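> Sharing a sequence plus its predicted fold:
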Amino acid sequence: MLRRRAPRHWATVATFCLAGSWAAAAQAFEVEVDSETTAQGYQLRNAWGDPVLSRRRFLQTLGLHVVGIGENENAAASSGLDMSFHMRMRLDADFAIQPFESNYADYPSAFVPGLQRAPVDLVIGYFDIRNLAGGWLSARLGRQIIVDPLGWWSLDGALLRAELPVFLALEAYGGFEQRAGLPLSTGRFERDGVWRGDRTSLDANAYPEFLEAGLAPAHGFVLESIDLPVVHARVAYRRVWNTGKVATSPFSEDRVGMPSTTDGMRISQERLGVSADALVEELGALRTGLIHDFPRAQITSWYATLDGFVTSWLTTGIDVDHVIPTFDGDSIWSFFSTEPTTTLLGRGDVGLTNRWRLAVAGGVRWVDIESETSTTMLDVLGRASVRHDHDGGRVGMGSLTDRGERGSRDGVDVFADQWFEDRFLVSGRVSVADWRDAMRTDRSTTSLGYVLGGGFRVGDETMARLEWEHDTNELVGQRYRILASLQLLVSR
Amino acid sequence: MSGDRALARAGGVVAPAKQVSSSVGGGSSPSELIFPARTIPIRFDHAAHHQRGATCLHCHPSAKTSDSTAKRVGWSVAACDRCHGTNHRDLAAEQPTECAFCHEGYEANEANRVRRSVVPSARLHFNHRVHAARNIGCAQCHGAVQTVGKTSRDHLPRMQKCLTCHGLPDGSRGDAKAGCPTCHLTTASGRLQTSFPSGKLLPPRWMGAVEHGPDFVHTHAVVAANDSRFCARCHSEADCLRCHDGRERPRQVHPNDYLSMHAVAAKQSAQRCNSCHHHESFCKNCHLRAGVTLTGPGWNRAHRGRVHPPAAIFVSTPITGRHHSVEARRNLPACVGCHGERDCVGCHATRGGGGIGVNPHPAGFSSRCASALARNPRPCFVCHDPDDALIFRCR
């Protein structure tokens, strides 16, 4: 029995209208609406030339910000609360996706689980309330993005922040993780390792490893130092559960016809992150952090960056980064043997003049493999970039090298943007890149590409752009891309 | 240290006037985005006037009354007239030869036409009246002007000096408000206005060590992870999502033909791809359609060749440096971009569906498998039957 879900677009429009009308009912507030429209067409092909996939993408985002909600023109009548509402909707369509690719009922052999032709999602949508309880408490309600030492992540729920009078702030939050397959949601913020989405139209034993998305309850806290001289530190904890019945056997069709399943609340992630910074203004800065993964029972990531302010125009730095891949708790890869990748880089950033700026970085990346053939795999990395900002424009160059046992990549990229009469933009970019695939030497080649673009500033915050890209390499021949965009911002 | 702390650290007490010079309080010249370029074709010697007893207010009387940057605090020509005997209100009565005394570039045959002074308003909120009422002297922000001839941009205030008061902790700051919008212009959404016709307003190095240089795109992750609230003063979620949602391609990260090159980049190291791309919803969708995966629709796999090295090297024993087990241990996220669980389970499972029980777990896993099973049994049951002896051992 196949079921189909009602289109979600109406829900999107209704939500937006409701928010708008509610905002209009408030008194002294400021409203900002921004819109960004991007249309692009290009082709790509797999490593053997066929099939060629066409992409005809249309990306539309619409943002609404209402600031100063509840404030009264008469300051004396104001509540003192600082309330605002922020929302961003997005339509990410690819009109080159063939209808049969998302129609399992009629074309099961062509079906791609999770593929949608024109999905709409709510990127953010939250109320921000500050100055509660005499100013020491603030809250956010709705879909929000949380950025902390554990990475960045999307929560549907509530977050409370208390700034205590002891150099300390405490945040606590609870709600649900944004999950692919749920209304107005994407899988962007889930942990890797689980293929998840809406299985409504699928037979139970088709793609059993494509798991039905369920609500993912989550909670966490952040403890942060505030107003301390020189140092700043954060501790973040997060736990997310998977819920609902999901298949466990990817070979169900070979057994009794139905996949075996498991049910109940299961840990998706449980991690603790700690970060600490120290900044001495005339000397330099140190930033460090680590993440402990409870299911793996080990520290899966740590990093440190040290910046030295050598002169007023020269900053040097050292970065070290150590990471073990981790996955969703439902994923079998969570418990596969994986080795940490460690990267060590030295950096320099030079202000050659007020307008010229040069940055270079170089170092190594290595992985120690302990197995029958114990070995260290070492890659050499480097990048250099220079930029010149001048009146109405900039020119620059970026380059990279990444060479090791699995191949190499070397490339140079030169770009220029120039405004004329503060209204017309001309831009260009030329790239040369060479890559060698050590595992498949026949997949090595050199590429040359260029981009030509132009823009027109219609108003202070309104901009239209058009870009043409042409790349050529021996593997895929000629590739073209055309991109048009329109940015709008209206404030009241 | 966070941006907040950097602000607070910028001073502790008001500096003596002598210390506020061009070389103290910020290093390079003030930003032209805050103080747009100005043209003042006037000859003037502050030191000479000071020696004759003139004070700042003699020439800049509105320094005590101006309550916004739109109300300029420039010199008053009436003050010039008082001492120099000139009369700018009736220029026809003036001898043209006298104009050149102060007006640079003046030509006697140009009658009363002089070069115009252009002093655009600072892009700040600032109230001279309030500061003067707090007994904050001119020199505390503008330096030892009385010792120089003509002033320059170096005598404009530096942000670090503002923070000697505005950056103090709550209890000791008095009425001086903290927070960027106290001085900086904001957009309707409440964040700082950073885009101006002449460029982008960027943070100075001393404030959080977050210079937005040409390499910042590669180094900003640690800053955001450790102190995201500092970033949020200027950036909204939209700025992060522009790249980190994988919908729009930032060319400084993925230049022109990256689409062709990305396979090699992923093979080298895919550990950080997920900072912008979720492997299952981004990579796998496209790989399924392009027919480079083992599972997925069959229609587009007709012409597919082998992605990996020959099976004799990649799959069979003996295990060499190019064996898939080494690849998985070195760079598992790259595998996940194409493969589903069943591709691994076929060999690594112990349960009845064909698995041959090749153990993929790390050494010592058995000592912590009970905890793993208790937290989430699902991955265990993908490879092991619930009544598997190995599962019993972990229970």
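Arrived safely, thanks for sending.
> Just to check, B:Trp75 is in contact with B:His60?
Yes. Proximity of B:Trp75 to B:His60 meets the contact threshold set by Cβ atoms under 8 Å, at 6.0 Å. Using the backbone N, CA and C atoms, a C-beta is placed for each residue, glycine as well.
> which secondary structure elements does the helix ranked longest in chain B contact?
Taking DSSP state H as the criterion, chain B has its longest helix at helix B:324-336. In terms of contacts (3 or more Cβ pairs under 8 Å, 6 or more residues apart in numbering or on different chains; DSSP states H and E), helix B:324-336 is packed against strand A:356-369, helix B:258-268.
> Name the residues of the helix or strand that the longest one is followed by that come out as buried.
Secondary structure here is assigned by DSSP states H and E; on that basis, the next helix or strand after strand A:356-369 toward the C-terminus is strand A:375-390. Judged by neighbour count (16 or more other Cβ atoms under 10 Å in any protein chain shown), strand A:375-390 contains these buried residues: A:377, A:379, A:381-389.
> Those into CSV, with extra columns for pLDDT and distance to A:Ser225?
Output for the buried residues of strand A:375-390, formatted as CSV (pLDDT from 0 to 100; distance: Cβ to Cβ, whole Å):
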residue, pLDDT, distance to A:Ser225
A:Met377, 91, 39
A:Asp379, 96, 37
A:Leu381, 97, 33
A:Gly382, 97, 36
A:Arg383, 96, 33
A:Ala384, 97, 36
A:Ser385, 96, 34
A:Val386, 96, 37
A:Arg387, 93, 35
A:His388, 92, 39
A:Asp389, 85, 35
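> Can you give me the buried ones in the longest helix of chain B?
Judged by neighbour count (16+ other Cβ under 10 Å), helix B:324-336 contains these buried residues: B:324-336.
> which stretches of chain B have low pLDDT?
Along chain B, the parts satisfying pLDDT under 70 run over B:1-28, B:169-173, B:188-189, B:299-303, B:351-355.
> Give me the domain ranges for it.
Following the assignment in automatic domain parsing, chain B carries domains at B:3-74+B:119-182, B:258-394.
> returning to that earlier point: which one of the helices and strands packed on helix B:324-336 lies closest to B:Ala54?
strand A:356-369 (41.6 Å; Cβ to Cβ).
> is any part of that closest one close to chain B?
Yes. Applying Cβ under 8 Å from any Cβ of the partner chain, one finds strand A:356-369 touching chain B at A:357-361, A:365, A:367, A:369.
> which residues in chain A form helices?
All helices of chain A, identified by DSSP H, fall at A:9-25.
> Tell me which residue lies nearest the centroid of it.
For chain A, the residue nearest the mean C-alpha position is A:Arg188 (6.9 Å; Cα atoms, centre = their mean).
> How much space separates that one from chain B?
5 Å (Cβ to the nearest Cβ, to the nearest Å).
> same question, A:Arg117
Applying Cβ to the nearest Cβ, the value for A:Arg117 to chain B is 12 Å.
> In contact with A:Leu286, which residues?
A:Leu286 is in contact with A:277-279, A:304-307, counting by Cβ atoms under 8 Å, 6 or more residues apart in numbering or on different chains.
> Tell me the bridge partners for the residue lying closest to A:Leu400 once chain neighbours are set aside.
Excluding the flanking residues, the one nearest A:Leu400 by Cβ to Cβ, 6 or more residues apart in numbering or on different chains is A:Arg383, at 4.5 Å. Beta bridges link A:Arg383 to A:Ala361, A:Leu400, judged by DSSP bridges.
> A:Arg383 touches A:Met397, doesn't it?
No. Using Cβ under 8 Å, A:Arg383 is not in contact with A:Met397; the gap is 11.1 Å.
> count of neighbours near the closest residue in space to A:Asp128 that isn't next to it in sequence?
Leaving aside its chain neighbours, A:Asp128 sits nearest to A:Ser84 (4.8 Å; criterion: Cβ to Cβ, 6+ apart). A:Ser84 has 20 neighbours, counted by other Cβ atoms under 10 Å in any protein chain shown.
> so how far is A:Val67 from A:Ser84?
4 Å (Cβ to Cβ, to the nearest Å).
> ok, now A:Gly80?
Distance, A:Gly80 to A:Val67, by Cβ to Cβ: 15 Å.
> Same drill for the two, tell me which one is more crowded.
More crowded of A:Gly80 and A:Val67, by other Cβ under 10 Å: A:Val67, with 23 against 12.
> pLDDT at that one, what is it?
A:Val67 is assigned 85 on the pLDDT scale.
> Return the set of residues that bridge with it.
A:Glu30, A:Ser84.
> hang on, the earlier thing: quick one: which two of the contacts of A:Leu286 are the most distant?
Within the contacts of A:Leu286, A:Leu279 and A:Ala304 form the most distant pair, 14.2 Å apart (Cβ to Cβ).
> With neighbour numbers in mind, choose between the two.
Applying other Cβ under 10 Å to A:Leu279 and A:Ala304 shows that A:Leu279 carries more neighbours, namely 27 against 16.
> my guess is that one contacts A:Leu306, does it?
No. The pair A:Leu279 / A:Leu306 is not scored as a contact, 11.4 Å apart, by Cβ under 8 Å.
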